[in-house]
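1. when you get a sec, could you give me coordinates for this:
(2 chains, ligands or ions: 3)
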Amino acid sequence: MSRIEHEKEIKSRVSRRSFLKGCAMAAAALGLSDELVPKLAEAAASPKRPPVVWLHFQECTGCTEGLLRASHPDIATLILDIISLDYHETVMAAAGHQAEEILSSTIDKYSGKFICVAEGAVPTKDGGIYCKIGGRTALEIIKDVAPKAAAVISIGTCASFGGVQAASPNPTGAKGIGDVLGKQVINIPGCPPNPIAFLGTVLHLLTFKRPPELDSLGRPLFAYGRRNHDQCERRAHFDEGRFVEQFGDANHKKGYCLYKVGCKGPVTYANCPAVRFNDVSIWPVGAGHGCIGCTEPNFWDTCSPFYERLPGVKLPGAGVVTDADSAGKKILGIAAAAAGIHAAVGIGKRLVKGNQEEGK
Amino acid sequence: MYEKRLAWSVLFRLFHWAFALSIMVLVATGLYIHYPWSNSVIEGSRSFVVAKVRYVHFVAGFVFISALLVRLYLWFFGNRQEKLWDSAPVTPANIKNLFSTIGYYLYLTDRHEQRLGHNVLAGTVYILTILFGFCQVMSGLWMLYPESPFWGSWGVSLLGSQAQARFVHYLIMWYFSIFVFIHLYIVIWNDVKDPEGLISSIFTGRKFFHKDTIS
Ligand code: HEM
Ligand code: SF4
Ligand code: SF4
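-> Ligands and ions are numbered 1, 2, ... in the order given. You can find the predicted model right below:
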């Protein structure tokens, strides 16, 4: 065997091994038995597997970056392997009209068979003019492509629920893909989502020809079935009542629970503490930062301020943004003052008019 | 001369006290869960303060739920005073009572109807309170059983996300605190203005009526 052939052989064996390793990780996340790993690998490697069309709308490409730059080479290879990227605006070779032609020929040729992955929200205001690709609005593109797809996956919180561009006041009328299409799609929220959640879902689709079990928000239960708080390594500190009071304080250095500095783990369904990121066993809470709830609908509005326990409250009419605590205390104060005045008026009236009842 | 008349059944009085005590416990423990001010920095103390306070909150929560269900039953199957429509602003007479009670409370008039049951202003607020109680139960049970598909789908369709559920749950805590405060004030005020034995009626079930006001 020549040297070059030898190297090729090693390379392909390594990539086969890393391919299988990626499948094994996805199987573990899906809660499937080891025995199914070869099945997943077979489905993923099958030349007949459906092509994936990857659409980009209002987004930052962070989800794509998060997937492809996964420090885990196995995952990145696997993703590039299974996604026969016929159309992916970030990584495809084609450009301009050529690219648009590939899109239309792919969806026609594989109508009813291909998988449509959408990244980013779709602006709907003013006819959707705030996001255009190749002269067509995002709204037109998704309405053209999605109905022909075998499955639609929204990757990231923007595609799932609108994300940052849908945050109040939502100037472009941005919506998630499911809302735009008016039907349930598979949502893989996260900012960015964990590559394993995406990979597991795609492998499930390829292997079993149906999506994994979803929650009522369209999120696969294998990845979004449990709250971060209920699987967090700092939970013992929570139950014991040991809290970080301020970033950088002694309790923070000791690794106590981040609840009081605004951790949104108690309201966030995700598998970050279990699966973690970047293959270095890290996730925000592990690094001393609270969860910001990025897998939840409207988390920009309902989970912010990120460093406070509960969201701010807008008092109707007054338009004052204050926190619920002080609003509640103020109302209680007003009620107490009102009761005091009320009692004083009653006593005053009695003093002036005398107690009529005594005469009865 | 006064006449003693039965206003509240035993079940109703049980409801009232289960409701009242559970609300006090729920507000106290809820505030602690919202802001766990103690910080047990001694590691290995095995104090489990937050876990225990949450436990008490959940036990009180189930007392609260039982009380709500009893009230719901009494709305339809209780005695005349306990029924929903006796003190709801639905009949012309009741609507009149609502406004006359407001006038009475604002010292605009001293005349007021003697009623065996609630006056309509109180009745309306109590209905609102029961509804808020159900909001607490819906959001509370979703937070308690976060992985239950039943509470999950209800929670998502009513509240959108757990972040919102927690927020609403917290805001309604303020409603209950303010309600308890105003309720106590008005009950005492009524007892002073018109000694019909309003406060003792929730223990004994009986109210006292002036003989000449009974028609
Ligand atoms: C008058 C009734 C109630 C009041 C005033 C009340 C109050 C509160 C408050 C203030 C919190 C903290 C919220 C936060 O800051 O995040 C809380 C949490 C909670 N409540 Fe209630 N609550 C009531 C009824 C219930 C009921 C009926 C249940 C259901 C059994 C319940 C279950 C919960 C749960 C599960 C939590 C979250 C605890 C945690 O995850 O640490 N609550 N409650
Ligand atoms: S750090 Fe956050 S997720 Fe972890 S136990 Fe504390 S509140 Fe829960
Ligand atoms: S820890 Fe929270 S904010 Fe961070 S990625 Fe996970 S779900 Fe998103």
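
2. taking chain B, what residue is nearest to ligand 3?
-> Nearest residue of chain B to ligand 3, counting by CB to the nearest ligand atom: B:Ala163, 11.5 Å away. Placement of C-beta: from N, CA and C, glycine included.

3. dump the residue contacts of B:Leu31.
-> Neighbouring residues of B:Leu31 by CB atoms under 8 Å, 6 or more residues apart in numbering or on different chains: B:Met173.

4. swap that for B:Leu11, sorry
-> B:70, B:74, B:78.

5. which residues in chain B form strands?
-> For chain B, strands defined by DSSP state E occupy the ranges B:2-6, B:206-210.

6. so where do the helices sit in chain B?
-> Using DSSP state H, the helices of chain B run over B:10-34, B:49-77, B:92-105, B:120-144, B:149-159, B:162-193, B:198-204.

7. which residues does A:Asp86 contact?
-> A:51-53, A:92, A:102, A:106.

8. which residue, other than its chain neighbours, is closest to the most centrally placed residue in chain B?
-> For chain B, the residue sitting closest to the mean C-alpha position, by CA atoms, centre = their mean, is B:Thr129 at 5.3 Å. Of all residues not flanking B:Thr129 in the chain, B:Phe179 sits nearest, at 5.9 Å (CB to CB, 6 or more residues apart in numbering or on different chains).

9. my read: the one you found touches B:Ile130, true?
-> No: assessed by CB atoms under 8 Å, B:Phe179 is found out of contact with B:Ile130, at 11.1 Å.

10. quick one: residues contacting the residue of chain B closest to ligand 3.
-> A:264, A:267-268, A:293, A:296, A:299, A:302-303, A:311.

11. tell me which of those residues is nearest to B:Glu43?
-> A:Lys264 (25.2 Å; CB to CB).

12. A:Tyr232: neighbouring residues, count only.
-> Careful, residue A:232 is Cys; it's not Tyr. Here the count is done by other CB atoms under 10 Å in any protein chain shown, and A:Cys232 has 24 residues near it.

13. same question, the one 3 residues further on
-> Close neighbours of A:Arg235, defined as other CB under 10 Å, add up to 18.

14. skipping its backbone neighbours, what lies nearest it in space?
-> A:His229 (6.8 Å).

15. residues contacting the one you found?
-> Residues in contact with A:His229 (CB under 8 Å, 6+ apart) are A:235, A:238, A:263, A:265-268.

16. kindly reformat those as a markdown table and extend each row with pLDDT and secondary structure.
-> Formatted as a markdown table, the contacts of A:His229 follow (pLDDT from 0 to 100; DSSP: H, G, I helix; E, B strand; the rest coil):
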| residue | pLDDT | secondary structure |
| --- | --- | --- |
| A:Arg235 | 96 | helix |
| A:Phe238 | 95 | helix |
| A:Cys263 | 96 | coil |
| A:Gly265 | 96 | helix |
| A:Pro266 | 96 | helix |
| A:Val267 | 96 | helix |
| A:Thr268 | 96 | coil |
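
17. give me phi/psi at the residue in the stretch 101-250 of chain A positioned nearest to ligand 2?
-> Closest residue of the stretch 101-250 of chain A to ligand 2, CB to the nearest ligand atom: A:Cys232 (3.1 Å). A:Cys232 adopts backbone torsions of phi -90, psi 140, taken as degrees, to the nearest 10.

18. my read is that A:Glu100 contacts A:Ile141, right?
-> No: if you go by CB under 8 Å, A:Glu100 and A:Ile141 don't touch, sitting 9.7 Å apart.

19. who's more crowded, those two?
-> A:Ile141 (22 against 17).

20. doesn't that one lie inside a helix?
-> Yes: the assignment for A:Ile141 (DSSP: H, G, I helix; E, B strand; the rest coil) places it in a helix.

21. A:Trp54 versus that one, what's the distance?
-> 12 Å (CB to CB, to the nearest Å).

22. now do A:Thr322, the pLDDT please.
-> Looking at A:Thr322, its pLDDT is 56.

23. B:Tyr104 - nearest residue in space that isn't next to it in sequence?
-> Counting by CB to CB, 6+ apart, the residue nearest B:Tyr104 is B:His112, at 4.4 Å.
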